[in-house]
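sequence first, then the predicted structure:
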Amino acid sequence: MITEYESRLIEYLSSFATENRMKRMHSVMEQRTDYITVVLEDIFQPHNASAVLRSCDGFGIQNVHIIENRNQFRPNKDVDMGTSQWLSLSRSTAEAGARVTKQTLNRLKEDGYRIVATTPHSDDTNLEDFDLTSGKTAIVLGTELEGISDDVTECADEYLKIPMHGFVESFNISVACALILHHLSWKLRQSELDWRLSSERQQEILLSWLRGTVNNSEALEKRFKQL
């Protein structure tokens, strides 16, 4: 819940951003959604990590959940073009050889998401036939070499695949993510589903954007506290 202090802080920090920047933020915010979220399990190649974040931003996906069991997620700033600052990134990092996949996916289930694993399966659904009306969707993408883990398979509620007609059996993870998000975000916007962010969530994100992009925002916030 956004507090009165945070609401006043948004107004204060907004005065240090240009009018064009504020208009752009509000315009982008109107197209953001958390109806679809992306979960990345053990992605380790910086180029892929960055390309996935860029796709999420480009298709209006606000929340990205990063699982680090064995591999640290290290996006390349030259590739993601600064998109990570506009996304809500949640990291789950394993310690002492433990795994955090199930805990992360179970938390998403508690938040009302169905876990959709991107892998061929006996009960899988083609991307074009995927039903978004069944509820909020967490798309899980696995490692570059091995795909999703057994933990994801155990937690998955549904399985999604991209139809392929060539000799290769799978797409690069960043390509797969872009294809999935392009189709599903388009389908979502054509639907009558309530996919936009709530007013409160928009305010929370706007505050994080202002804190991350206004020059000397920390110093300005300290000054604001003294007013």
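Perfect, I can see it now.

can you show me the helices along this structure?
Counting by DSSP state H, the chain has these helices, from start to end: 4-14, 19-29, 46-58, 77-80, 101-110, 150-155, 173-190, 199-213, 217-226.

packed most tightly, which of those helices would that be?
Mean neighbour counts were taken over the helices of the chain using mean count of other C-beta atoms under 10 Å, and the top value, a mean of 22, falls to helix 46-58. Quick note: C-beta positions are derived from backbone N, CA and C, even for glycine.

off-centre distance for it?
A distance of 10 Å separates the centroid of the chain from that of helix 46-58, by C-alpha atoms, centre = their mean, to the nearest Å.

check stretch 53-62 too.
With C-alpha atoms, centre = their mean as the basis, the mean position of stretch 53-62 lies at 7 Å from the chain mean.

before we move on, the earlier item: so which of the helices of the chain gets nearest Asp123?
Taking C-beta to C-beta, helix 150-155 is the member of the helices of the chain nearest to Asp123, at 11.3 Å.

average pLDDT for that closest one, rounded please.
Along helix 150-155, the predicted local confidence has a mean pLDDT of 94.

pull that helix out as CSV, backbone CA atoms only.
As requested, the backbone C-alpha atoms of helix 150-155 are provided in CSV (Å, rounded to 0.1, in the frame of the first residue of the first chain):
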residue,chain,number,x,y,z
ASP,A,150,12.8,-31.1,-12.6
ASP,A,151,11.6,-28.7,-9.9
VAL,A,152,9.8,-26.6,-12.5
THR,A,153,8.3,-29.7,-14.0
GLU,A,154,7.0,-30.8,-10.6
CYS,A,155,5.5,-27.4,-9.9
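
residues making contact with that helix?
For helix 150-155, the external contacting residues (C-beta atoms under 8 Å, 6 or more residues apart in numbering) are 41, 99, 101-102, 105-106, 109, 115, 117, 119, 121, 140, 142.

helix or strand with the lowest mean pLDDT in this protein?
helix 77-80 (a mean of 69; mean pLDDT, DSSP states H and E).

number of residues surrounding Ile139?
By other C-beta atoms under 10 Å, the residues close to Ile139 number 22.

looking at the helices of the chain, which has the lowest confidence?
Of all those, helix 77-80 carries the lowest average pLDDT, namely a mean of 69.

list the buried residues for stretch 119-133?
Of the residues in stretch 119-133, those scored as buried under the neighbour-count criterion (16 or more other C-beta atoms under 10 Å) are Thr119, Asp124, Leu127, Phe130, Leu132.

okay, these in JSON lines with distance to Leu207 and pLDDT next?
Conversion of these to JSON lines gives the following (distance: C-beta to C-beta, whole Å; pLDDT from 0 to 100):
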{"residue": "Thr119", "distance to Leu207": "37", "pLDDT": "81"}
{"residue": "Asp124", "distance to Leu207": "40", "pLDDT": "88"}
{"residue": "Leu127", "distance to Leu207": "35", "pLDDT": "95"}
{"residue": "Phe130", "distance to Leu207": "33", "pLDDT": "96"}
{"residue": "Leu132", "distance to Leu207": "29", "pLDDT": "97"}
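
quick one: contacts for Thr37?
With contact taken as C-beta under 8 Å, 6+ apart, Thr37 is in contact with Ile61, Gln62, Asn63, Val64, His65, Leu108, Tyr113, Lys136, Thr137, Ala138, Ile139.

re the thing from before, which among the buried residues of stretch 119-133 gets closest to Leu206?
Of all these, Leu206 sits closest to Leu132, with 26.1 Å by C-beta to C-beta.
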